[in-house]
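Peer 1: The amino acid sequence is not available; the structure is as follows:
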């Protein structure tokens, strides 16, 4: 009888909290659909650039489903490689093929090498004269011994920083509302934007230390590959924290309690992780790639990969920096407006 | 000292949330340095009215003036001490930290801040618990600390939403003594209550029910007008329960 009472009460609570119920049913479907899109995408087709002298490979590689681009000279080929337009660039030195891999993505490296091996075998009988030696492999970024963690590390730093700051800032702002302290704050001459900015500064100081610790730990203790400047890693981690902090406090306006705040994880965090570049984005449908362009983690992860794996500097991360600053400012502005719900002036 | 201008004038105020009218055509005045009680059952619109007086909420129609200024007006919040129904304290902080925080929001600094914190804590008899974390406070202590915060910046107008809920009779009496002392110093106090015996301590009373103002008068005047012997009877009379 009592068990029945508890059972009934829980069912009633679910029925009253439509959002929790919807989330239990719909969130798994959303996350699973995303997963299937990400993992069920077509097999990765390596993009290979070919120098004039190595044109002999073109058709054989194309038969291996590689996307081939011919370049007139090595300068334009190398430039394309550096820009990340192609995964590898093939030249010929005498009878030895030389392959320069972009190298930052172990999965792309493997795809290139597979295609190349198959192509070499199909090539042997007819073009044996021109290609006699085993190919020479070199890496533009990364190295042969680059581990999966080196690829995922920069992205995961971004993801975890975002995740924790989002939740903690969101819940803490939410509690201002549920405990009534927000109303009390609003009964003082405090301006709405002062509350938002105060939160950014207060949490901002903590996130500086958090960014320092996480970056140092990942690079020095975990030994994740680090080709670029530590200062830039710190900057990106910090900016990502800032966007998470501002988004968390903004979204807390739409949550009635801590549970509902946690419900934002599958809606806000998980899709961002899938679209962050953790998995190749090229195989995703175009509309989904575009959604990725509207998420902070994407820019944070791109910049962190550029810095840590490719050792790139300011020019290559500037766009990401400005995007993250833009996101933070937008979320702050929206939050000032959302607070109008509690006090119009 | 009687001032010619009333501290608060409420003129034909309506407040609706969607299609639900919470306050209907309220008109009243609060005079300088009086204790003005708003009496009514829960859900009658007391809290909504107080929030309108602070300026946190806005009227749907009508007009509210506080100290001669049309509300809502941000700068007026400096003149108002507001204590909400919930205690609204940062429980993980000490009482001192809470007081310092709110004092800073009101622009109190340095020695003046320290002096005000000491004064208000003495007023609510919590001076020994200044450094204690608020989560170790009892319900009544929290209520008193909350009142102390509302008094910090020496506002000429105090708006107290159910200030004595959860406070034992002894303490309630001492808080009333302090409120009366503030009245004497020229502070105007508006408070809500649904406790009838407390209503009798107010200088004047507004009776409100379902968002309608039933009557405004001194407790004695209300008793006389309705021929009742207690405020409770008078209230029932206006509510139409007793003919």
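Peer 2: Arrived safely. Quick caveat, the model's predicted, so the values are computed rather than measured.
Peer 1: got the residues of the stretch 51-200 of chain A near chain B?
Peer 2: Within reach of chain B by C-beta under 8 Å from any C-beta of the partner chain, the stretch 51-200 of chain A has these residues: A:179, A:180, A:181, A:183, A:184, A:185, A:186, A:187, A:188, A:189, A:190, A:191. No exception for glycine: its C-beta is placed from N, CA and C like everyone else's.
Peer 1: Geometric centre of chain A: which residue is closest?
Peer 2: Nearest to the centroid of the C-alpha atoms of chain A, with distances taken as C-alpha atoms, centre = their mean, sits residue A:276, at 2.3 Å.
Peer 1: coming back round to it: name the nearest of the residues of the stretch 51-200 of chain A next to chain B relative to residue B:143.
Peer 2: Of all these, residue A:180 has the smallest distance to residue B:143: 12.6 Å, by C-beta to C-beta.
Peer 1: how many other residues sit next to residue B:179?
Peer 2: By the measure other C-beta atoms under 10 Å in any protein chain shown, the count of residues near residue B:179 is 20.
Peer 1: got a list of what it touches?
Peer 2: Contacts for residue B:179 (C-beta atoms under 8 Å, 6 or more residues apart in numbering or on different chains) come out as B:35, B:158, B:189, B:191.
Peer 1: Which elements pack onto whichever helix or strand the second one is part of?
Peer 2: Looking back up the chat, that one is residue B:158. Here residue B:158 sits within strand B:157-161, counting by DSSP states H and E. Of the remaining helices and strands, those touching strand B:157-161 by 3 or more C-beta pairs under 8 Å, 6 or more residues apart in numbering or on different chains; DSSP states H and E are helix B:46-54, strand B:80-83, helix B:139-151, strand B:188-193.
Peer 1: just so I know, which of those lies nearest chain A?
Peer 2: Nearest to chain A among the helices and strands packed on strand B:157-161 is strand B:80-83 (4.1 Å), distances taken as C-beta to the nearest C-beta.
Peer 1: Show me which residues of chain B are close to chain A?
Peer 2: Counting by C-beta under 8 Å from any C-beta, the residues of chain B near chain A are B:54-58, B:72-75, B:77-78, B:80, B:82, B:84-91, B:102, B:105-107, B:149.
Peer 1: So what's the residue count around the closest residue to residue B:69 other than its chain neighbours?
Peer 2: Setting aside the residues directly before and after it, residue B:69 is nearest to residue B:76 in space (C-beta to C-beta, 6 or more residues apart in numbering or on different chains), at 5.5 Å. Close neighbours of residue B:76, defined as other C-beta under 10 Å, add up to 22.
Peer 1: thinking again about what came up before, of the residues of chain B next to chain A, keep whichever come out buried.
Peer 2: B:54-57, B:72, B:77, B:80, B:82, B:84-90, B:102, B:105-106, B:149 (16 or more other C-beta atoms under 10 Å in any protein chain shown).
Peer 1: How about the contacts made by the residue nearest to residue B:82 when sequence neighbours are not counted?
Peer 2: Take residue B:82 and drop its neighbours on the chain: the residue closest to it by C-beta to C-beta, 6+ apart is residue A:187, 4.1 Å away. Listed by C-beta under 8 Å, 6+ apart, the contact set of residue A:187 reads B:54, B:56, B:77, B:80, B:82, B:84.
Peer 1: Give me the phi and psi angles of residue A:187.
Peer 2: Torsion angles at residue A:187 (phi, psi; degrees, to the nearest 10) stand at phi -90, psi 0.
Peer 1: got a pLDDT number for it?
Peer 2: At residue A:187, the model reports a pLDDT of 91.
Peer 1: Residue B:41 too?
Peer 2: So residue B:41 comes in at 84 (pLDDT).
Peer 1: Would you agree it is in contact with residue B:209?
Peer 2: Yes - proximity of residue B:41 to residue B:209 meets the contact threshold set by C-beta atoms under 8 Å, at 6.7 Å.
Peer 1: about what we covered before: of the contacts of residue B:179, keep whichever come out buried.
Peer 2: Buried, going by 16+ other C-beta under 10 Å: B:35, B:158, B:189, B:191, out of these.
Peer 1: host element of residue A:168?
Peer 2: Using DSSP H and E, residue A:168 maps to helix A:148-178.
Peer 1: residues making contact with the helix or strand just after that helix?
Peer 2: Using DSSP H and E, the helix or strand that follows helix A:148-178 in sequence is helix A:181-186. With contacts defined as C-beta under 8 Å, 6+ apart, helix A:181-186 is touched by A:175-176, A:192, A:195, A:339, A:342-343, B:56, B:82, B:84, B:86, B:88-90, B:102, B:105, B:149.
Peer 1: State the number of residues packed around the closest residue to residue A:82 other than its chain neighbours.
Peer 2: Among residues not flanking residue A:82 along the chain, residue A:140 sits closest, at 6.8 Å (C-beta to C-beta, 6+ apart). Residue A:140: 16 surrounding residues under other C-beta under 10 Å.
Peer 1: What are the phi and psi values at residue A:140?
Peer 2: Dihedral angles for residue A:140 - degrees, to the nearest 10 - are phi -80, psi -50.
Peer 1: now the one 3 residues further on
Peer 2: In terms of degrees, to the nearest 10, the main-chain angles of residue A:143 are phi -160, psi 170.
Peer 1: The nearest residue to it once chain neighbours are set aside: what's it in contact with?
Peer 2: Once flanking residues are discounted, residue A:143 sits nearest to residue A:103: 7.1 Å by C-beta to C-beta, 6+ apart. Residue A:103 makes contacts with A:109, A:139, A:140, A:141, A:142, A:143, A:146, as judged by C-beta under 8 Å, 6+ apart.
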